[in-house]
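Colleague: need a structure here:
(one chain, ligands or ions: 1)
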Amino acid sequence: MSEKPVLLVTGGSRGIGAAICRKAAAQGWAVMINYASNETAARSLADEIEAQGGEARIVKGDTSTEEGVVAIFSAVDRDFGRLDGLVNNAGVVDIPQNVVDYSRARLDRMFAINVIGKIRCASEAVKRMSTAHGGRGGSIVNISSMAAILGSAGQYVDYAASKAAIDTFTLGLAREVATEGIRVNAIRPGVIDTDIHASGGLPDRAAQMASVIPMQRAGTADEVADAALYLLSEQASYVTGAMLNVSGGR
Ligand code: NAP
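Modeller: This is a model prediction of the structure:
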């Protein structure tokens, strides 16, 4: 069993998830880096963390499938033998479209990854961390989005709705496991400079949105990671069911 507390970060290989893995490893967590397909990015992040004296493993697994969830948690059990934190980060956008144009396939993918996958991962984490199930407690941080309260009209209302579902899930789960040693919180990032915008067909979105953000700039993955590390830490020992906006005021 790992001597260090163990953190699983879904979608930990790039963007916000990778920044969380780096900072968590530097603060003494052993990290399990989950990725969907880009093994090179995951491997290179793990190598970087280990070169700096940290502990990291990688696991391929699509959080939207049962097979993926089983693979991810089996790797945690096998490689570390314990789990103390989950950052439920894996998430996707889609190309900008109005609601009238959405296909069924678009909605199935969006909700399978952004909602059902996160609920399944939280469920598996609770089984391992809950004091009611013999665990030693822990912390879950769900990565939501400011889209949950802005609505993302004309861009991706489906994404916004998936994130609103995560906010409600965060509140409900936090209350459900509050006496089981587990805190559950969410972060609502605003516009953060990562590759996710290119994956939605808008590679320059972070720069283009700067003028509508009160702080007049996009945020960085590191700024979201700092918030996640706070929520995972003992400094947040009385914080549960909270939604922390990391959005430059927007
Ligand atoms: P990103 O740069 O596109 O990185 C996405 C990460 O998630 C990658 O590691 C990717 O793995 C992984 N991933 C994607 N689908 C997956 C799946 N089905 N199963 C497992 N892993 C999967 O994204 P990001 O900008 O860092 O976003 C991370 C989270 O923050 C998402 O939940 C997103 O909705 C949220 N968020 C982002 C912003 C923003 O402006 N960037 C704003 C608000 C909220 P591969 O490398 O294998 O592809």
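Colleague: so where does residue 75 fall, helix or strand?
Modeller: Using DSSP states H and E, residue 75 sits in helix 66-79.
Colleague: what's the helix or strand just after that helix packed up against?
Modeller: Counting by DSSP H and E, the next helix or strand C-terminal to helix 66-79 is strand 85-88. Packing contacts for strand 85-88, counted by 3 or more Cβ pairs under 8 Å, 6 or more residues apart in numbering; DSSP states H and E, involve strand 6-9, helix 15-26, helix 117-129, strand 138-143, helix 221-232. All C-beta atoms are positioned from the backbone trio N, CA, C, and that covers glycine.
Colleague: check the ones you listed for me and report the most buried one.
Modeller: strand 6-9 (a mean of 29; mean count of other Cβ atoms under 10 Å).
Colleague: do you know how far the residue located most distally from the centre of the chain is from residue 209?
Modeller: Residue farthest from the centre of the chain, counting by Cα atoms, centre = their mean, is residue 100 at 29.0 Å. From residue 100 across to residue 209, the span is 24 Å (Cβ to Cβ, to the nearest Å).
Colleague: looking at the helices and strands packed on strand 85-88, which is closest to residue 174?
Modeller: Set against residue 174 and scored by Cβ to Cβ, the helices and strands packed on strand 85-88 come closest in strand 138-143, at 8.4 Å.
Colleague: contact partners of the closest one?
Modeller: Residues from elsewhere that reach strand 138-143 (Cβ atoms under 8 Å, 6 or more residues apart in numbering): 16, 83-89, 91, 118, 122, 125-126, 128-129, 166, 169-170, 173, 181-187, 189, 224, 228, 231-232, 236.
Colleague: now narrow these to whatever sits close to the ligand.
Modeller: Counting by Cβ under 6 Å from any ligand atom, 16, 89, 91, 189 from these sit close to the ligand.
Colleague: hmm, residue 177 and residue 131 touching each other?
Modeller: No: applying Cβ atoms under 8 Å, one finds residue 131 not in contact with residue 177, separated by 9.2 Å.
Colleague: how far is stretch 133-146 from where the chain is centred?
Modeller: 10 Å (Cα atoms, centre = their mean, to the nearest Å).
Colleague: what about it, how long is it end to end?
Modeller: Distance between the two ends of stretch 133-146: 34 Å, counting by Cα to Cα, to the nearest Å.
Colleague: check stretch 17-35 too.
Modeller: Note: stretch 17-35 ends 10 Å apart using Cα to Cα.
Colleague: close to the ligand, is that stretch?
Modeller: Yes: part of stretch 17-35 sits near the ligand under the criterion Cβ under 6 Å from any ligand atom, namely 17, 34-35.
Colleague: likewise for stretch 153-163?
Modeller: No: judged by Cβ under 6 Å from any ligand atom, stretch 153-163 and the ligand are separated, with a smallest distance of 6.8 Å.
Colleague: I appreciate the help and will end here.
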